[in-house]
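**Student:** kindly return the folded structure for what I paste below:
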Amino acid sequence: MLEKLSSGLKEALRKITKAGYIDKKVLDELAKDIQRTLLAGDVDIILAQNLTKKIEERALKEKPPKGMTPKEHVIKIVYEELVKFVGKKPEIMMRPGKIMFIGLYGSGKTTSIGKVAKYYQKRGLRPALIGCDIHRPAAMDQLSQLASQIHVPCYAPKDVKDPIEILKTGLEKFKKYDIIIIDASGRSALDKDLAEELKKLAEFAKPDEVLLTIPADLGQAAGEQAKGFKELVGITGIFLTKMDGTARGGGAITSCAITGAPIKFIGTGEKLDAIEVFDPDRFISRLIGFGDIQGLLEKAKEAEVKPETVKKIVEGKFTINEFYEQIKSIQKMGSLKSILGMMPGLPMKLPKDFDVSKQEEKMKKWKYAIESMTKEERENPRIIDASRVKRIAKGSGTKESEVRELLKYYEQMRKMIKMFSGKRGMISKLAKKFKGFKL
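**Tutor:** Numbering: from 1, shown residues only. Modelled structure (predicted):
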């Protein structure tokens, strides 16, 4: 997510940590680096300039708090101003109510509905779906298919062409459910016909939330769309989709923030559990390399990963046993790359031959190989010599080259995790100093 934006901000902060001392020249260079990075992320130039101006002003005028060095103070200011820059922390409805989804064609509206339904389902609430998108031919089928995947009831009749009639029947049908999610019609553009239909639907439904789906690849144009829908039906929040595959997410986030329409959820992938509540503090923390221990623990809890496993990973104690636990939970918890992004510290760049996506395809075989290892081999992989590799490969039905590749991959991960974790790095120390991390 936003890898170029993230790497640019990390590099700017890395320069601060290496600077001999902080003066106006160093701060000017920091401002230029941040501006270039934000502009590359499609952030409006005026907004980027205003942000860096605030950072410079604070860094020159404010004195570092007791116990904090000038360098740490500057990094703290950058963090705080970036958090303000991307908007306020949203309030997520966690009580019974109705949610109406709106958005244009291609925005990912229907898939986002499935993600939100699963989000509430995981938190003990019972969702139900109502399909009122009568214009897109496959909308009703798609909504029904998504509902069946997560075992959620859905009312999406293809033979009824009056969205109010559909909604009336659906609300009566699902009145005992906690969260009723309504899929409103989309269009290729926000025209008068769509506007009228959405107004009538909203008046009848009286939703507690109106969520607008906007694809992050719109960049700065996302702000105009948010503004238009907000004036039309008074949206209460935005679901930002396609955040996993665009460099323009920075522009979309900031342009939505200045309209006063809070971003409530972001889609981080195609799967139905690839959804996150947009938390500015945690979002910026991960973006600049401070990590997100809370997010890591939440993912671990959802994936039913043992707490002691997470603790060992965070502390840098990464044996084959922890690697095995991570492989078992990979589909639920996310990739190793995403987990590393949640750990405090400024991660180094992955080696050129270190392709996480390709490695994940091999994890099924690696799991079998690990299961064929002895307890001693899992605790201390360095004892695995050629004869042991041959035995492990034979016992797991894998190739000897695959077992060696597993050991090589594990060693790379162990070294990186050792670098990222613990209490060594300045950024890790700073993160704990003003964000309260407890490792």
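
**Student:** please, where are all the strands along the chain?
**Tutor:** Using DSSP state E, the strands of the chain run over 97-102, 127-131, 154-155, 179-183, 209-215, 237-241, 263-267, 275-277.

**Student:** walk me through the domains of this protein.
**Tutor:** 3-85, 97-286, 289-435 (automatic domain parsing).

**Student:** straight-line length of the first one, end to end?
**Tutor:** The first and final residues of domain 3-85 sit 18 Å from each other (Cα to Cα, to the nearest Å).

**Student:** helices of the stretch 1-150 of the chain, start to end?
**Tutor:** 3-18, 24-40, 45-61, 70-85, 109-122, 139-149 (DSSP state H, counting those that start in this stretch).

**Student:** ok, now which ones touch Ala189?
**Tutor:** Leu104 (Cβ atoms under 8 Å, 6 or more residues apart in numbering). (Glycine included, C-beta is placed from N, CA and C.)

**Student:** from Leu104, how far out is it?
**Tutor:** 7 Å (Cβ to Cβ, to the nearest Å).

**Student:** please apply the same query to Asp273.
**Tutor:** Applying Cβ to Cβ to Asp273 and Leu104 gives a distance of 25 Å.

**Student:** likewise Pro64?
**Tutor:** Applying Cβ to Cβ, the value for Pro64 to Leu104 is 48 Å.

**Student:** for Ile16, what are its contacts?
**Tutor:** Ile16 neighbours (Cβ under 8 Å, 6+ apart): Ile22, Val26, Leu30, Lys71, Val74, Ile75.

**Student:** try Arg391
**Tutor:** Contacts of Arg391 by Cβ under 8 Å, 6+ apart are Ser372.

**Student:** need the pLDDT of it.
**Tutor:** You'll see Arg391 listed with a pLDDT of 96.

**Student:** circling back to that earlier point, deepest-packed of the helices of the stretch 1-150 of the chain, please.
**Tutor:** Of all the helices of the stretch 1-150 of the chain, helix 109-122 carries the top mean neighbour count, a mean of 23, counting by mean count of other Cβ atoms under 10 Å.

**Student:** how about residues contacting that helix?
**Tutor:** Contacts with helix 109-122, where a contact means Cβ under 8 Å, 6+ apart, come from 99, 101-103, 127, 129, 133, 139, 142-143, 146-147, 149-150, 152, 178-179, 181, 183, 186, 211, 213, 239, 241, 265, 267, 270, 272-275, 302.

**Student:** how about stretch 134-151?
**Tutor:** 105, 110-111, 113-114, 117-118, 121, 129, 131, 133, 153-154, 156-158, 160-163, 166, 183, 185-187, 272.

**Student:** equivalent analysis for stretch 99-107, please.
**Tutor:** The contact list for stretch 99-107 (Cβ under 8 Å, 6+ apart) reads 93, 109, 112-113, 116, 136, 179-184, 186-190, 198, 201-202, 205, 207-215, 225, 229, 233, 235, 239, 241.

**Student:** ok, back up a step: point out the most buried one among the domains of the chain.
**Tutor:** domain 97-286 (a mean of 20).

**Student:** and that one, how far from the chain's centre?
**Tutor:** Offset of domain 97-286 from its chain centre (Cα atoms, centre = their mean, to the nearest Å): 17 Å.

**Student:** distance between the ends of it?
**Tutor:** End-to-end for domain 97-286, by Cα to Cα: 32 Å.

**Student:** what's the spacing between Glu400 and Arg187?
**Tutor:** 58 Å.

**Student:** now Asp183: how far from Tyr368?
**Tutor:** Asp183 is 42 Å from Tyr368, by Cβ to Cβ.

**Student:** over to Ser387?
**Tutor:** Counting by Cβ to Cβ, the gap from Ser387 to Tyr368 is 19 Å.

**Student:** could you do Leu30 as well?
**Tutor:** Per Cβ to Cβ, Leu30 is found 49 Å from Tyr368.

**Student:** do the same with Val389
**Tutor:** Computed as Cβ to Cβ, the Val389 to Tyr368 distance reads 14 Å.

**Student:** again with Val26
**Tutor:** 53 Å.

**Student:** could you do Ser144 as well?
**Tutor:** Applying Cβ to Cβ, the value for Ser144 to Tyr368 is 37 Å.

**Student:** before we move on, what about Met94?
**Tutor:** For Met94 relative to Tyr368 (Cβ to Cβ), the value is 41 Å.

**Student:** thank you kindly, that will do.
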